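K.L.:
pasting the sequence and the predicted coordinates here, then a few questions.
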Amino acid sequence: MPISPSSSHVHAPNRSIPMVLLFCRFESTEGTAMSSSTSACSGEEEDCSNECSASFTFDTNNNNRRDEELAEEAHLKLSITPTYDKFSLEQLTRLVTIGKGTFGRVELARDKINGAHYALKVLNIKRVVDTRQVDHVHSEKKVLLKLKHPFIVRLYACEKDNKCLYMIMEYVPGGEMFSYLRASRTFTNSMARFYAAEIALALEYIHSQGIVYRDLKPENLMLSKDGHVKMADFGFAKELRDRTYTICGTPDYLAPESLSSKGHNKGVDWWALGILIYEMMVGKPPFRGKNTAEIYDAILEHKLKFPRSFNLAAKDLVKKLLEVDRTQRLGCMKNGAQDVKEHKWFEKVNWEDLLALRVEPPIIPTLYHPGDTGNFDEYEEDNGMGPVCGQRERDLFAEW
Ligand SMILES: Nc1ncnc2c1ncn2[C@@H]1O[C@H](COP(=O)(O)OP(=O)(O)OP(=O)(O)O)[C@@H](O)[C@H]1O
């Protein structure tokens, strides 16, 4: 019986396995069956003659239809397009908390007039200022308002009152990919390839907009109602001018140049994709340690070990993404993302179909109605919305 994932949210830097893995939408990938709510095959490996329904069709003809048009069309297919030019908090009924971050919470909200659901991110101004997140919050807003892509969560509008900042976002009802990954321990080769491919398209787009994401990890990847990837949490994203020097992200996913103060740019996202592919296929990131310092050491020592069962093409790609020299790292060279997309592991991916949402995802989240929150943990409600802030703090968000 498919049970919804209970996603224990894990915050950087202490990534750990969620304590409650109550559900099993699909069982272990090692030769066991998937539930009816998924369409992935069982125990699939590269040479599996019965490729699962989430596999890709091979396409040598690069159709010249513009990616941006496709992305916009696909985006409209996935999202509830708001019917208003301007949102106001009054038109929303706040229903239930579906997520907690370090600085605030995310609630499910419903439009009082048309019944559409939204995710409302609520950030207490005083807490944001006290934790020195003012720049990150401004940056998240700026970046998300700019990005429109089927695999990136959409921000519709921002509001504020005396205590809080509000971000009215598209509601992504499938929950975090992290929960699905921890529940099944590993993803099959074709599942990992599907998610990696959608993320590669999102990264290509983000970079084309002059932005670096800097926080790629399973906790920040959500699944849409149809099971497509939605990248969320752009708190660390940054518009690039040249190199940027602040250290952001979760230790396991940090690139060596982030640790050695050499500056870092979009190469850190391709590095993180390498870590993510490894984690999806092995169930753990490649560079491990008991604490942050040990993880940093492991990254700098760069001892990369693969289990024997690791698909060979995937291994080759991961090695090329986890190239220490970022001038040689796949994705960072002259051809940019194209080099990643042309890698052998992605040979069967039809990129145009993928972007147009014509490839069936391997996991279809169980949802009984549009405002179903069954794929999220339950949280205690906090109607007080945190401490009051002073005028000085409010002024920092005068433009919000
Ligand atoms: N658009 C959304 N739709 C559904 N759930 C969401 C959405 N955005 C965020 N969430 C849920 O709320 C949680 C917290 O959101 P988010 O990560 O954006 O907050 P944060 O304060 O930036 O967190 P962090 O401390 O990880 O940086 C997410 O992990 C996710 O489970």
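P.N.:
Thanks, I have it.

K.L.:
which residues of the stretch 201-350 of the chain score low on pLDDT?
P.N.:
241-249, 258-264 (pLDDT under 70).

K.L.:
residue in it with the shortest distance to the ligand?
P.N.:
With Cβ to the nearest ligand atom as the measure, residue 233 is the residue of the stretch 201-350 of the chain nearest to the ligand, at 3.7 Å. Placement of C-beta: from N, CA and C, glycine included.

K.L.:
what's the neighbour count on that residue?
P.N.:
Residue 233 has 20 neighbours, counted by other Cβ atoms under 10 Å.

K.L.:
got the contact list for it?
P.N.:
Residues near residue 233 by Cβ atoms under 8 Å, 6 or more residues apart in numbering: 101, 140, 215, 219, 220.

K.L.:
am I right that the third one is in a strand?
P.N.:
No. When classified by DSSP: H, G, I helix; E, B strand; the rest coil, residue 215 is found to be coil rather than part of a strand.

K.L.:
just checking, residue 220 touches residue 229?
P.N.:
No. Assessed by Cβ atoms under 8 Å, residue 220 is found out of contact with residue 229, at 10.4 Å.

K.L.:
surely residue 377 is within a helix?
P.N.:
No. Checked against three-state DSSP, residue 377 lies outside a helix; its state is coil.

K.L.:
quick one: it from residue 99, how far?
P.N.:
8 Å (Cβ to Cβ, to the nearest Å).

K.L.:
excluding chain neighbours, what is closest to residue 218?
P.N.:
residue 178 (3.9 Å; Cβ to Cβ, 6 or more residues apart in numbering).

K.L.:
hang on, the earlier thing: assign a three-state SS to the residue of the stretch 201-350 of the chain closest to the ligand, would you?
P.N.:
Secondary structure state of residue 233, per three-state DSSP, is coil.

K.L.:
can you check residue 303 too?
P.N.:
Assignment for residue 303 (three-state DSSP): coil.

K.L.:
any idea how far residue 122 is from the residue nearest to it when sequence neighbours are not counted?
P.N.:
Once flanking residues are discounted, residue 303 sits nearest to residue 287: 7.8 Å by Cβ to Cβ, 6+ apart. Computed as Cβ to Cβ, the residue 287 to residue 122 distance reads 35 Å.

K.L.:
please apply the same query to residue 233.
P.N.:
14 Å.

K.L.:
phi and psi next, for residue 169.
P.N.:
phi -120, psi 160 (degrees, to the nearest 10).

K.L.:
in the sheet, who's paired with it?
P.N.:
Note on residue 169: beta-bridge partners by DSSP bridges are residue 119, residue 155.

K.L.:
and the gap between it and the ligand?
P.N.:
4 Å (Cβ to the nearest ligand atom, to the nearest Å).

K.L.:
since we're on residue 356, how many residues are nearby?
P.N.:
18.

K.L.:
follow-up on the earlier one: tell me the two of the contacts of residue 233 that are most distant?
P.N.:
140 and 219 (15.7 Å; Cβ to Cβ).

K.L.:
and whichever residue of the stretch 101-250 of the chain sits closest to the ligand, what's its pLDDT?
P.N.:
Residue of the stretch 101-250 of the chain nearest the ligand, by Cβ to the nearest ligand atom: residue 101 (1.6 Å). With respect to pLDDT, residue 101 scores 80.

K.L.:
for the stretch 301-400 of the chain, which residue gets nearest to the ligand?
P.N.:
Closest point on the stretch 301-400 of the chain to the ligand, by Cβ to the nearest ligand atom, is residue 376, at 6.1 Å.

K.L.:
tell me the bridge partners for the most centrally placed residue in the chain.
P.N.:
By Cα atoms, centre = their mean, the chain has its centre lying nearest to residue 221, at 2.3 Å. Taking DSSP bridges as the rule, residue 221 bridges to residue 231.

K.L.:
in this structure residue 361 contacts residue 227, no?
P.N.:
Yes. With contact defined as Cβ under 8 Å, residue 361 reaches residue 227; the gap is 3.1 Å.

K.L.:
quick one: what helix or strand has residue 295 in it?
P.N.:
helix 292-301 (DSSP states H and E).

K.L.:
following that helix, which helix or strand comes up?
P.N.:
helix 312-321.

K.L.:
packing partners of that following helix?
P.N.:
Where contact means 3 or more Cβ pairs under 8 Å, 6 or more residues apart in numbering; DSSP states H and E, helix 312-321 is packed against helix 189-208, helix 267-282.

K.L.:
other SSEs contacting the helix or strand following that helix?
P.N.:
Sequence order places helix 337-341 as the next helix or strand after helix 312-321, per DSSP H and E. The contact analysis (3+ Cβ pairs under 8 Å, 6+ apart) places helix 337-341 against helix 189-208.
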